[in-house]
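Chemist: Output the structure for:
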Amino acid sequence: MTRLAIIPARAGSVRFPNKNWALLDGKPLWRHTIDVARDCFDDIVFTSDSDTLIKSVAYLYDDIDTHIRPSCLATSTSKVIDTVCWIHSMWANTDEIWLLLPTCPLRTKEDVLNAQKLLGDTNEDGVISITDYEFPPQLGLLSEDGLITDWHESKPWQNGNTRSQDHYPVYRPNGALYGMKREHFHKHQNFYEGRIEGYYMPRERSVDIDTELDLKIAEQILHENR
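Modeler: Numbers count the residues shown, from 1 in each chain. Predicted structure coming up:
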């Protein structure tokens, strides 16, 4: 059984400039994901549109393949899945394809190994890490021309069904882990297509760094865990 981990790190970020270079616990964001992946995968590919990032990874890690991403895959509207498909097209000798986003640095080695075991022990096509929504989406509101209305068709705010514990749980992907058996990914080139198992991770390991506030939250969690 061979597994390929793909770690994409685009240089640009509108909401958080130089995000992947932001320091978390004294290390750039991208290093947290690489350091966990090295203990869990046979092959690792790091890809970026940044020469500086590529050279830094190549200098620090001689066991990781690095690939400069084509400019068409590094725009502000580019999708990560397109980069995964690009790497997949060059990498035939693997049984599983995995995607690890560097913006989710609090995943642990145990998370990765447990998710790998979950995929290996089942007949499912893939595994995606999930966590709880911070607020029940059924209680969402729409705002049009300054006027608010219930988002969900059950209209909980109008009907008085506003206790969060009374709504069924809904989960979201947290970006930490996406894994799929290669033959299935080759066919669909989409991590959500087919029979996909959810690997649950608690919210304290599911921080997705998109803003400076997210980074501060991650720092606080690490500090408290120590």
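
Chemist: per the record, what domains does the protein have?
Modeler: According to automatic domain parsing, the chain is divided into the following domains: 3-132+170-225, 134-169.

Chemist: mind listing the helices in this protein by residue range?
Modeler: Here the chain has its helices, by DSSP state H, at 29-37, 51-60, 80-90, 109-120, 156-159, 182-188, 212-225.

Chemist: Ranking the ones you listed by mean neighbour count, which comes first?
Modeler: Most buried of those by mean neighbour count (mean count of other C-beta atoms under 10 Å) is helix 29-37; its value is a mean of 21. C-beta here means a position set from N, CA and C on the backbone, and glycine is covered the same way.

Chemist: counting contacts, what elements does it pack onto?
Modeler: When contacts are defined as 3 or more C-beta pairs under 8 Å, 6 or more residues apart in numbering; DSSP states H and E, helix 29-37 packs onto strand 3-8, strand 43-48, helix 51-60, helix 109-120.

Chemist: what mean pLDDT does that helix have?
Modeler: For helix 29-37, mean pLDDT rounds to 96.

Chemist: likewise stretch 86-99?
Modeler: pLDDT averaged over stretch 86-99 gives 93.

Chemist: Of all the helices of the chain, which one comes closest to Arg172?
Modeler: helix 212-225 (14.7 Å; C-beta to C-beta).

Chemist: Let me know the angle separating the closest one from helix 29-37.
Modeler: Here helix 212-225 runs at an angle of 50 degrees relative to helix 29-37 (axes from the mean of the first three to the mean of the last three C-alpha atoms, to 10 degrees).

Chemist: Nothing else from me, thank you.
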